[in-house]
Structure formats: C-alpha cells, structure tokens
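# Show me how the following folds:
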Amino acid sequence: MSSEASDPSTDATAQQSKPTTADPTLTVVATGPATFTRQVSGDDNADILAEHDTIELTIERKLQSANDFQTVIDPMFDGNGPTVCKLRVIEDLIYDHAMDGYERAGCKDDLSLEITGTTADWKQLSLDLVPDLHRSSTDEGAAVRRLWNLAADGVTNDGAVLAALDLVDQHDIDTRREKLTDLLTDGGDGT
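So this is what the prediction gives:
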C-alpha cells in the first residue's frame, strides 16, 4: 500500500518537471514624449479641450505568436537597412491609444523602442517565423540571423543574443560567435 501512495507523488513530481506549454511572450515597450488631449465637456457640440503639457509616455504591447512578431519584424528582411522601423512601431502603438487622447510629441529621435523577453521566448518566437531562405539553409540559421539583426539594431534585451548563442551551440551553426558576444557586452554597463 505504501508503494501506491508514493506513485501519485512521483507522477506529480514528474509532471512538475516537464516544461510548460505556455505561449512564448515578448514585450514591446515604446517610450517618449506625448501630449494628452481630452474633451472637458460632455456636450457633443462643445469644442472645449484640455491639453496637458508634454508627458513621458510608456506603452507596452505583448507579442505572443509569430503573427504578432511579424508586426514588428519583416521575416524576409534582406539585410539592407534596419530590421525594425522603430518609428512605425512606435506610431502604431500610439495609434492604438489614440482614442485615449494621446499623440506623439517631439521629434522621432526622442522616442525609444525595446523588445524584451526571456531567452526561451526569443528562441521560440524566432523559430516560429517563416525561414529566411535567401540567406540561410535552415530554420535555426535563419533564427540566429534574425536575432543578430534585431540585437544589432539595439531594440532587444540580452535574451535575444543569448537565444542566438543557444541556437548556435545546440545546432552547431557555423557563425562567428564574437559577433554575438560583442552585442551582448555592448548592451551591458560598459565595464
């Protein structure tokens, strides 16, 4: 009987050690100056607006699928120019909140964009994108190239570079590791 009691706990322990099937998630964070305008009066005919001074606005959006990720990066990126059009992504995020009364203020250089996530999430979402057949012969090679391009554009956290290094090691991809590690150290505190 005591063996019957230990079997369920062993099964529970085995189930807890299995990786979860939660969807990978990256977070897009746009930060920059914005103005907030709203109608003061409830009267539809009123033209009275309250415009506040320029504020620092931070908007976040979750990316939980390859389709979401494709709204930020073109999977067929050919290597010319930046991988991500920062201003377009930021404008799209602000547009999503236009009904809340927010508009971008200042010049485009006043705005910042960062895409953050864990190493595992970066790895999974980059593999989920359509492979870049023009530049790599494998999905994993294409994923490494995408992650490197994003990190080189300065829009990722270290999780993207670590995911690329993990793919290189796991699939024995022929690439210069120092290109990736340089991006990792450049994002650090400079020491």
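
# Spit out the contact partners of Pro82.
Asp153 (Cβ atoms under 8 Å, 6 or more residues apart in numbering). The way it works is simple: take the backbone N, C-alpha and C, and place the C-beta from them, glycine included.

# Can you say which helix or strand has Asp23 in it?
Here Asp23, judged by DSSP states H and E, is contained in no helix and no strand.

# Over to Ala164?
helix 158-171.

# Quick one: residues in contact with that helix.
115-123, 126-127, 138, 140-141, 143-144, 147-148, 150-151, 173, 175, 177, 180-181, 183-184, 187.

# residues of it that come out buried?
Of all the residues in helix 158-171, those buried under the rule 16 or more other Cβ atoms under 10 Å are Asp158, Gly159, Ala160, Val161, Leu162, Ala163, Ala164, Leu165, Asp166, Leu167, Val168.

# Now do the buried residues in stretch 139-155.
For stretch 139-155, by 16+ other Cβ under 10 Å, it's 139-153, 155.

# Spell out the residue ranges of the helices in this structure.
2-17, 66-70, 86-96, 119-128, 139-152, 158-171, 177-186 (DSSP state H).

# Throw those helices into JSON lines and include distance to Glu60 and mean pLDDT, thanks.
Formatted as JSON lines, the entries for the helices of the chain read as follows, by distance: least, Cβ to Cβ, whole Å; pLDDT from 0 to 100:
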{"stretch": "helix 2-17", "distance to Glu60": "30", "mean pLDDT": "39"}
{"stretch": "helix 66-70", "distance to Glu60": "13", "mean pLDDT": "87"}
{"stretch": "helix 86-96", "distance to Glu60": "8", "mean pLDDT": "86"}
{"stretch": "helix 119-128", "distance to Glu60": "15", "mean pLDDT": "93"}
{"stretch": "helix 139-152", "distance to Glu60": "18", "mean pLDDT": "88"}
{"stretch": "helix 158-171", "distance to Glu60": "16", "mean pLDDT": "94"}
{"stretch": "helix 177-186", "distance to Glu60": "23", "mean pLDDT": "81"}
